[in-house]
Every structure is written in C-alpha cells, then in structure tokens.
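> after the sequence you'll find the predicted model.
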Amino acid sequence: MSTRLRIFPDLVQNPIDPRLYGSFIEHLGRAVYTGLYEPGHPTADAQGFRRDVLDLVRELNVPMVRYPGGNFVSAYDWEDGVGPRAQRPCRLDYAWGVTETNQFGTNEFMAWCKVAGTAPMMAFNLGTRGLDAARQLVEYCNASIGTKFGDQRKAHGFADPYNVRTWCLGNEMDGPWQTGRKTADEYGRLANETANALRQFDPALELIACGSSGPAMPAFAEWERVVLEHCYGQVDALSIHLYVCEAGYKSLADYLACPVVMENQMRDVLAACDFVKAKQRHKKTMMLSFDEWNVWDMARFGAKCERWAEAPPQLEQLYTFADALVVGGMLLALLRQSGRVRYACLAQLVNVIAPIMTAPGGGAWRQTIFHPFAQASRHGRGALLFTHLTGSTHTDTPTHGPSPDIEAVATRDGDQVAVFILHRGQATPAAFILEVEGSTRWRVIEHQLLAAPDPHACNGPDQAETVAPRCAPTPSFAADNTLALTLPPLSWHLLRLAPENAT
Ligand code: AHR
C-alpha cells in the first residue's frame, strides 16, 4: 500500500510569518568571538565580521536573530558593550563561567545584522536588572538624537536609530539556573510593568514574555497561566523553548519520533494562553515565540571549560544525520502550528549547538542540520496549505506510542508550492503518491533528497558534504495530477512544484 498526500493548492490554512525561520546568537562559547566576529581572520571585513560565516548565514536566509542571550542576558549590563572598545570592561559571565571582554556589543550586533540582511530580536536582562535598564536600552537603540540615550548612541558613532521592533522580556525566568530567577507572580508583574512602560515610549513594539523553560519544568502550563494573568494585555507573544537529544530516548526510532513532543508542547501552551484569553475576556489572541529549539545533548556537549576563560569552545555539538531528520520533523511541527507561532529561533547559529561551525583562523562548514533548515527557510514561506495524508505505516515507540513513519507539509508562495516529506521508517523504502487537487497542471521544478547510509554520519571541516542534499531524478505528473515517488528509509525530501504554464 502507498502513502498518499493530497494537496489543496488553493486552500490556504494560514499565512506563515517569515520569522518562523529566525535564529539565535548568545554570548556563549565561540558563537560571537571566532564565530561571527574575528578581526584578523583572512575573510574578515573592515568591521571584523567573518565573510565566510556571513555567506552561510545568508544561505540559511534567517530573517531575524535573537541576541544577546539566553542565560547570558540575565546578568548582562548592556552599557558594558557600547562606546570606545578600549574602555569596555571585562566582566565575569556567571551563566557560562567565562570572561566576557565586551569587544562585541549592541552596536556591533546591529551592524552585523545589517550586513547579514537580518533583523535583530533583542532580549532584556530581567534577572539582575529590570524596567529601568530595559527602558534605557530601548531608548539607546531607538530614540532620536536630541535625547539622553539617542545622543549617547550618536556619541558612539551611530546617529540613526535602529528601530528595533521585537524585544524579549527576559529569558527562561523560571529556571533554577537563571541568574535572578523569579516566581511566576514576581515575573508576571515585572513583565507587565516593563511592557507597560515600554509601550509609553512606543506602542508598536512587539513584546514577548517568558513561558516556562520547557515541558519538563514542574510548573509547566501553570507558570504560563499565572504569568499571562499578569501581562496578557501588554504582550504580543509568549516564549517557549525545547531541546531534544538522542540520548534522552530509548532507541533510534523513539528519538526520530520525538518532534511530537514539540507539537504537544505548542498545543499545551496555547491551551494555557487561550484559557487566560477567555477568563479575562481578551479580544487579542496570544501568539507563540518558539525562540529556542534544536537538538542539544547537554550531558555530552556542555559548558565545561577552564574557569573564566575567554570565548572557549562550549556546546560544540557535532550533529548526525539522525539529528538532521529530527530537525526536519521539528520544522514540520512548527509549520503545522504556524497559524499561532509568529517567531521561532533555531538555537543557535554559529559554533554553539549550531548549523554553522568555524575553525579559529580557518574555514567554516555546514553541519547536517543546516540542510533541512535552509531548505525550509528558503522555500517554506508564504502560506501553509491544507493537505490530507493517508496510508502511512506506524512504528511502535516506547515513549510516544505508535508514530507515523511518514509526515509531510505543503506551503505555497505565489505560484510555487513546496512539499517537505520526512520518512523516518528504518526498514524499507516507502511508495508515496502525491496528488494535487484542482484543474491546474503542475510540474516538478526540483526534487532534493537528504539521505545517508549511516544515521550517525556527521559533517566536519574535511568532510563537509558527507550529509548534504542531492538532486533526485525529477518525476513527472501523470494525467490525473498524481506523481509517484519511492522514499528510501530514513530520508528527507523537498519537492518544488509550479504550474506547467508558469515560466
Ligand atoms: O541555548 C543555550 C541555553 O539554553 C540558553 O542560554 C538558555 O536560554 C537555554 O537554557
């Protein structure tokens, strides 16, 4: 029997916010120093930004990058990172046990975003600081000159306001690991008062409150309820985070099925949002900001390093082909929920649990997870289409029960349709039929296939192409608008379609 996907190219489920394909740069490990920024590197531009990294970031097509943390932000004094470099202090970063030199700060990040063609998503320190530091940072970034903080920015060499739209009200404020952790009531009040003040400066800012740090937190869902009961009226989105890893599951099949955890997390948090919406009679519907998600094996790829070292390697996870399939599955989950997810950030971007790796003074290369993300970010835009999938076989998994071997999502951007297909079954190739509804005749522009004989194959500086997509033979549609494919076991596919008569 075949798995059959029916696509309704004229039936849009919801628009997709391009910021679903955001990423994240934290002052952590070598993300900034020897990642984005390495003056003296052979590819560095006049500002010290690595051009080889910029090229790969552009390939990923990320529309927004969150900064400067993460846990780092909760004890960060933003004032340390602006002004003449020689006068910037070195500070101890409690979150990661290292020394921060502050040679890269807010203005350098804004300049990097401009060169990279992306937008900043900034986070405030609501751990050791609060409303006043947040207000001053927003004014520093966005106020016109002729005011205290606008003038300070000008004195630092940046006359034009940056007009940063999107701001995170702290980071993981429920986490025992967070500097300045709060109770839900403390944080909810602080988020509300901070948002209220910032809206007096600019009502159009997009403000994101912290949800709980993950579905395993003891107060998951209750934290969301309490926080939102304080600040629902003042914020636009609620932040959620999730990291998964193979070591957390009982078998490869169990691991490959784990994107369902992400989808359930989104549904559960949305239920809490909608409860508060109903209880407080709000008209506004709360959106989600999935501003940290990825595969991360914290036990193997942790922060351990020489105490108070400067930008040591930390969290440098080497990704496998299986991890790339899981990232593909997580992208499908995000796309299915994109009617309620306005922002999402693959955590992180360079060197730290990242799709892009660099060698100090050397090259930059793509990890396995780079590929499904880049394909979705380039082609999974526009709108989510209605689809109907039947006939997938299921594999029994210890954690998630029966899990479908095949999943697929279709999007439409203008005339073009993109279909993303994940075959996580390990045993046999699967017969797959794609059927496009309606009278339009379609053709395949390209079929890219990501597959590898070994689920634990990795890329590295000298084997950058071990796991990389390749063009598969382009199948043709039959007269009844169906197309037949054979999906190899453990494979990820991008099929791009256009109407036959389109140029
Ligand atoms: O991305 C690594 C860390 O994971 C972030 O600093 C924190 O927010 C999360 O716990």
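Perfect, I can see it now.

> what about Tyr76, distance to Gly170?
11 Å (C-beta to C-beta, to the nearest Å). Bear in mind the C-beta positions are built from the backbone N, C-alpha and C, glycine included.

> hey, what's in contact with both of these two?
Common neighbours of Tyr76 and Gly170, using C-beta atoms under 8 Å, 6 or more residues apart in numbering, are Asn125.

> could you give the number of residues near Met266?
Counted with other C-beta atoms under 10 Å, the neighbours of Met266 add up to 20.

> surely it is in contact with Trp293?
No - shown here, Met266 and Trp293 do not form a contact pair, counting by C-beta atoms under 8 Å, at 10.3 Å.

> give me the element the nearest residue to Leu335 once chain neighbours are set aside is part of.
Counting by C-beta to C-beta, 6 or more residues apart in numbering, Val409 is the residue found nearest to Leu335 once chain neighbours are left out, at 4.7 Å. Element membership for Val409 (DSSP states H and E) is strand 406-413.

> okay, the helix or strand following that strand in PDB with CA atoms only?
The helix or strand immediately downstream of strand 406-413 is strand 416-423, counting by DSSP H and E. This file holds the C-alpha atoms of strand 416-423, laid out as PDB (Å, rounded to 0.1, in the frame of the first residue of the first chain):
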ATOM      1  CA  GLN A 416       5.200  27.900  -6.200                       C
ATOM      2  CA  VAL A 417       4.300  25.000  -4.000                       C
ATOM      3  CA  ALA A 418       6.900  23.400  -1.700                       C
ATOM      4  CA  VAL A 419       6.300  19.900  -0.200                       C
ATOM      5  CA  PHE A 420       8.500  18.700   2.700                       C
ATOM      6  CA  ILE A 421       8.400  15.000   3.300                       C
ATOM      7  CA  LEU A 422      10.000  13.000   6.200                       C
ATOM      8  CA  HIS A 423      10.400   9.300   6.000                       C
END
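
> contacts for the helix or strand that strand 416-423 is followed by next, please.
The helix or strand immediately downstream of strand 416-423 is strand 430-436, counting by DSSP H and E. Applying C-beta under 8 Å, 6+ apart, the external contacts of strand 430-436 come out as 1-7, 9, 393, 405-406, 417, 419, 421, 423, 442, 477, 480-487, 489, 495, 497.

> what's around Leu487, how many residues?
As a burial measure, Leu487 scores 23 neighbours (other C-beta under 10 Å).

> please apply the same query to Thr390.
Thr390 has 11 nearby residues by other C-beta under 10 Å.

> quick one on the thing from earlier: the residue nearest to Leu335 reaches Phe420, doesn't it?
Yes - Val409 lies in contact with Phe420 (C-beta under 8 Å); the separation is 5.2 Å.

> give me the common contacts of those two.
Common neighbours of Val409 and Phe420, counting by C-beta under 8 Å, 6+ apart, are Leu332, Leu335, Gly380.

> what pLDDT does the first one get?
Model confidence at Leu332, expressed as pLDDT, equals 98.

> once you drop chain neighbours, what's closest to it?
Spatial nearest neighbour of Leu332, chain neighbours left out: Val409 (4.9 Å); criterion: C-beta to C-beta, 6+ apart.

> quick one: contacts for the one you found?
Residues in contact with Val409 (C-beta under 8 Å, 6+ apart) are Leu332, Leu335, Arg336, Gly380, Leu384, Thr387, Val419, Phe420.

> of those, which ones also sit close to the ligand?
On the criterion C-beta under 6 Å from any ligand atom, none of the entries of the contacts of Val409 sits beside the ligand.

> just the ones in helices from those residues, please.
Judged by DSSP state H, the contacts of Val409 include Leu332, Leu335, Arg336 as members of helices.

> who's in contact with Thr128?
Counting by C-beta under 8 Å, 6+ apart, Thr128 touches Ser74, Ala75, Thr179, Gly180.

> what does the average pLDDT come to for stretch 83-99?
Here the average pLDDT along stretch 83-99 is 97.

> same check on stretch 358-377?
Stretch 358-377 carries an average pLDDT of 98.

> do stretch 160-179 as well
For stretch 160-179, mean pLDDT is 98.

> do the same with stretch 479-486
Stretch 479-486 comes out at a mean pLDDT of 96.

> hey, which helix is longest across the protein?
helix 259-279.

> between strand 416-423 and that helix, find me the angle.
Put simply, helix 259-279 runs at 120 degrees to strand 416-423, going by axes from the mean of the first three to the mean of the last three C-alpha atoms, to 10 degrees.

> ok, residues contacting helix 259-279?
So helix 259-279 is contacted by 211, 214-215, 220-221, 224-225, 228-229, 232, 238, 240, 242, 244, 282, 284-286, 288, 290, 293, 326, 329-330, 332-334, 336-337, 340-341, 400, 403 (C-beta under 8 Å, 6+ apart).

> filter these down to the buried ones.
211, 214-215, 220-221, 224-225, 228-229, 232, 238, 240, 242, 244, 286, 288, 290, 293, 326, 329-330, 332-334, 336-337, 340-341, 400, 403 (16 or more other C-beta atoms under 10 Å).

> for Glu465, give its distance to Cys471.
Going from Glu465 to Cys471 by C-beta to C-beta gives 14 Å.

> and for Tyr140?
48 Å.

> of these two, who's got more company?
Tyr140 (24 against 9).

> that one touches Thr106, doesn't it?
Yes - taking C-beta under 8 Å as the definition, Tyr140 is a contact partner of Thr106 at 7.2 Å.

> tally of neighbours for the residue in the stretch 1-150 of the chain that the ligand sits nearest to?
With C-beta to the nearest ligand atom, the shortest gap between the stretch 1-150 of the chain and the ligand falls at Gly70, namely 2.9 Å. Gly70 has 27 neighbours, counted by other C-beta under 10 Å.
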